[in-house]
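[1] Give me the fold of what follows.
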Amino acid sequence: MASQKSATAPASETVTLIVRRTIYASVERVFEAWTRPAHLKQWWGPDSVSCADAEIDLRVGGRYRIANQFPDGKLVWIVGEFELVAPPHKLVYTWRLEPDAQASERVTVRFEPRDGATEVIVIHDRIPNMAIRDRHEQGWHGCLNGLAEFLNDA
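    Next up, the predicted model:
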């Protein structure tokens, strides 16, 4: 699912991660859960991480901020800007940890109808290396598990 980066690859080469999950809810409900701060705060975060705050300006050029709160109380902000907003089927946005000065990564999320359910496909690219890619994979699986639980309980 992810491209492999060789040990001799140039520093400019990046890695891509693709994570998929079927959510038993309509495309509209899944898109809404992903894009409304009140909903996002209830499910976002890798295992053992909660969403302390979320701000979303859902328009091309609009910005978002999501606060991941770790069990020790530490906050890490994920920030970015929407490059594409196509409700309820697709989002594309930049991804950066604040205040990290590294180049922005990019996330594309597709919401595809599947017999009354929705397949959520997360394509996270421009990842600097495999170690960060592996952390993102763990995080996205935790987030998608939380999304599935939230929508099943809603």
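[2] neighbouring contacts of the helix or strand where F111 lies?
    Per DSSP states H and E, F111 falls inside strand 105-114. Contacts to strand 105-114, defined as CB atoms under 8 Å, 6 or more residues apart in numbering, come from residues 14, 22, 26-27, 30-31, 34, 80, 83, 88-96, 118-128. To be clear about C-beta, it is placed using only N, CA and C from the backbone, and glycine gets the same treatment.
[3] Out of these, name the ones that lie in strands.
    22, 80, 83, 90-96, 118-127 (DSSP state E).
[4] And the buried ones among the residues you listed, selectable in PyMOL?
    Selection of buried members from the ones in strands among the contacts of strand 105-114 for PyMOL, criterion 16 or more other CB atoms under 10 Å:
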select buried, resi 80+91+92+93+94+95+96+118+119+120+122+123+124+125+127
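[5] Who are the contact partners of W140?
    17, 19, 46, 122, 124.
[6] Tell me the one of the residues you listed nearest G142?
    Of all the contacts of W140, P46 has the smallest distance to G142: 3.5 Å, by CB to CB.
[7] bridging residues for I127?
    Beta-bridge partners for I127, by DSSP bridges, are V15.
[8] wouldn't it be in contact with T14 here?
    Yes. When contacts are counted by CB atoms under 8 Å, I127 is listed as touching T14 (5.7 Å).
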